[in-house]
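# Curious how this folds, go ahead:
(2 chains)
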Amino acid sequence: DSGVTQTPKHLITATGQRVTLRCSPRSGDLSVYWYQQSLDQGLQFLIQYYNGEERAKGNILERFSAQQFPDLHSELNLSSLELGDSALYFCASSVSGTGGPETQYFGPGTRLLVL
Amino acid sequence: GNSVTQMEGPVTLSEEAFLTINCTYTATGYPSLFWYVQYPGEGLQLLLKATKADDKGSNKGFEATYRKETTSFHLEKGSVQVSDSAVYFCALSESSNYQLIWGAGTKLIIKP
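Got it, this is the predicted structure:
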């Protein structure tokens, strides 16, 4: 158990809908990352937050947005969903989010299926 | 830009065989290197890491040595078990770039 929690575990929805994925980091970690894992694209970094502020952006679509709240939990919002958004979405956390040798700890993921 | 290349899978071995999963990288600076493992139906777990050249990371019988001259970080284990069946990801991280850059993953299947 990494200490990172994600809810829900599974999500099934229809095209055009909007969903919210939630992540709680490990106790003491200030940085949260979101990743998407799909069969065709592999693991892709979406976005990083540090202590409530956006720090880095990766291959995140404009239809997707995220935020980190004062209690450090984070939410990833996916809107106008398309079939291709079906994937496993991981949240990770780390102490300071400075990259380099710092380890990121991953949650169990949310499996999203768009029908 | 930075990138990680892993050997394609699946890799199928018999129990107690020797394992090597190749990983090479391209980076502009001096990255830290990681191996993560994903067991079926689970999230990603850090297996081992190395933060500078010639460092050796090790955990659960797995080892990998950071080779700057060959830009490689190959994963090895002397005697694999059925429970090692999983997908293994090589990744790098630079201090100037907060994200992890991932390889495509290598699926390992161990047969009894």
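# Report the contact partners of A:Gln67.
Neighbour list for A:Gln67: A:49, A:74-75 [criterion: C-beta atoms under 8 Å, 6 or more residues apart in numbering or on different chains]. For the C-beta atoms, the positions are set from N, CA and C on the backbone; glycine is no exception.
# same for chain B: which of those are within range?
Here nothing survives when the contacts of A:Gln67 are matched to chain B using C-beta under 8 Å from any C-beta of the partner chain.
# which one of the residues you listed sits closest to chain B?
The nearest member of those to chain B, counting by C-beta to the nearest C-beta, is A:Tyr49 at 10.4 Å.
# Would you agree the closest one falls within a strand?
Yes. Under DSSP: H, G, I helix; E, B strand; the rest coil, A:Tyr49 sits within a strand.
# what's around it, how many residues?
24 (other C-beta atoms under 10 Å in any protein chain shown).
# repeat for B:Ile101
Neighbourhood size, B:Ile101 [other C-beta under 10 Å]: 22.
# Pretty sure it sits against B:Gln6.
No. With contact defined as C-beta atoms under 8 Å, B:Ile101 and B:Gln6 do not form a contacting pair (11.8 Å).
# pLDDT added to the contacts of A:Gln67, as TSV?
Below are the contacts of A:Gln67 laid out as TSV (pLDDT from 0 to 100):
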residue	pLDDT
A:Tyr49	94
A:Ser74	98
A:Glu75	98
